[in-house]
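Student: predicted coordinates and the sequence they were generated for:
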Amino acid sequence: MRFVLLMILFPSLCFSQKQGNVWYFGDHVGLDFSTGNPITLVNGQTDASVEGTAVMSDSSGALLFYSDGSKIWNRNHQIMPNGDSLLGHWSSTQSSLIIPLPGSSKLFYVFTTDAFYQNNLRYGFRYSIVDMCLDNGLGDIVLNQKNILLLDTVSEKLTAVRHSNGIDYWIITHKYFSDAFYSYHLTAAGITDTVISHVGSTHPIAPLATGGAIGQLKASPNGEKLAIVNGNGSSIAEYFDFNKGSGMVTNCVSIQANLNWNYYGVSFSPDNTKLYIACWLNGNGIYQFDLNAGGGNPNAVMASKTQIANNNYNYLGLQLANNGKIYCISYVVKCAD
């Protein structure tokens, strides 16, 4: 058997910084958005990362480094000297997230989440710090700043929101076997505060082991809402308000359409008015919800559900690019040639 990766897109309008120009994922592939329309790359070193990866470019859009949660590669596509044996996992839905330390041009936090596959989430939520001045400017993990534990047993979920002060960041994940969101305040001094919000469903909603941890967590472009999905027999589809000043998550709205569907991908539109959800098993497609329907009334939002991709494929992650389009990885299982 072999997996064929397909890319589909949804046009809309968006502007973002050039740090997201380059993507690497899947089997040695990537996309470069420097010219607006993506150019295919074939020099990446990810070899099993159909799921989560993270890439960081500089302010001009030039590649700095990338990770699959277990390794970090520099811009020459070589593993950094201390860049292996991270305690994330290439099979985690959102295995890694790279955030610049506020006020620094050389330090970057690489956050990682473990996977249910192989590890049963045992290594939890951690960070390592990369200093781009090390290894002759190619970067490396700072000594004694690798795999620092923040929280054990988290879902395969990870996102970030710019703080209301315009400088700091909130790094957000979800505790497993819990209804708790954890928001970590990243400042120039490092992580200085943790805000816990008990809201929404307990993960998982069914009496499953850690397999219900899959599915994405995403923030809206304006940082005022979060959306979360779970699949693998523990289907959850919810969105929330997020306070960029306090880090609190509130006001859960469930848009669960069918308990038998297996959700994986989620993304907001660039103008924050639409929410997209992708199903990864049984060919149930991709759906759009209008968050402004009925003035935001939850019943009206549910009623706005529209299928925008057919059920010929199984859809995985959704990702908004800096050209204002949302991209999706999907796969079809075919017989080997």
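Tutor: Happy to help now that I have it.
Student: correct me, but Gly83 touches Ile72?
Tutor: Yes. With contact defined as Cβ atoms under 8 Å, Gly83 counts as touching Ile72 (3.6 Å). No exception for glycine: its C-beta is placed from N, CA and C like everyone else's.
Student: those two - which one has more neighbours?
Tutor: More crowded of Gly83 and Ile72, by other Cβ atoms under 10 Å: Ile72, with 27 against 23.
Student: ok, what's across the strand from that one?
Tutor: Ile72 forms beta bridges with Ser67, as assigned by DSSP bridges.
Student: re the thing from before, identify the contacts common to Gly83 and Ile72.
Tutor: In terms of Cβ atoms under 8 Å, 6 or more residues apart in numbering, Gly83 and Ile72 are both contacted by the residues Ile141.
Student: flag the shaky bits of the stretch 1-150 of the chain, pLDDT-wise.
Tutor: 1-17, 48-50 (pLDDT under 70).
Student: any idea which residue is closest to the centre of the chain?
Tutor: Centroid-nearest residue in the chain: Gln94, 4.4 Å away (criterion: Cα atoms, centre = their mean).
Student: contacting residues around that one?
Tutor: So Gln94 contacts Gly52, Thr113, Glu156, Lys157, Leu158, Thr159, Gln216, Leu217 (Cβ under 8 Å, 6+ apart).
Student: show me what contacts the fifth one?
Tutor: For Leu158, the set of contacting residues under the criterion of Cβ under 8 Å, 6+ apart consists of Gly52, Gln94, Ser96, Leu97, Phe111, Thr113, Phe125, Ile171, Ile172, Thr173, Leu217.
Student: any idea how far Ser235 is from the fifth one?
Tutor: Distance from Phe111 to Ser235, counting by Cβ to Cβ, to the nearest Å: 26 Å.
Student: quick check: buried residues in the longest strand anywhere in the chain?
Tutor: Determined from DSSP state E, the single longest strand within the chain is strand 190-203. Under the neighbour-count criterion of 16 or more other Cβ atoms under 10 Å, strand 190-203 has Gly190, Val195, Ser197, Val199, Gly200, Ser201, His203 buried.
Student: ok, these vs Ala257, which is closest?
Tutor: Ala257 has its nearest neighbour among the buried residues of strand 190-203 in Ser201, at 14.6 Å by Cβ to Cβ.
Student: tell me the one of the buried residues of strand 190-203 nearest Cys133?
Tutor: Distances from Cys133 to these, taken as Cβ to Cβ, are shortest for Gly190 (17.8 Å).
Student: bridge partners for the closest one, pull those for me.
Tutor: With DSSP bridges as the criterion, Gly190 is bridged to Thr187.
Student: wait, Gly211 touches Gln118, no?
Tutor: No. Gly211 lies out of contact with Gln118 (Cβ under 8 Å); the separation is 11.8 Å.
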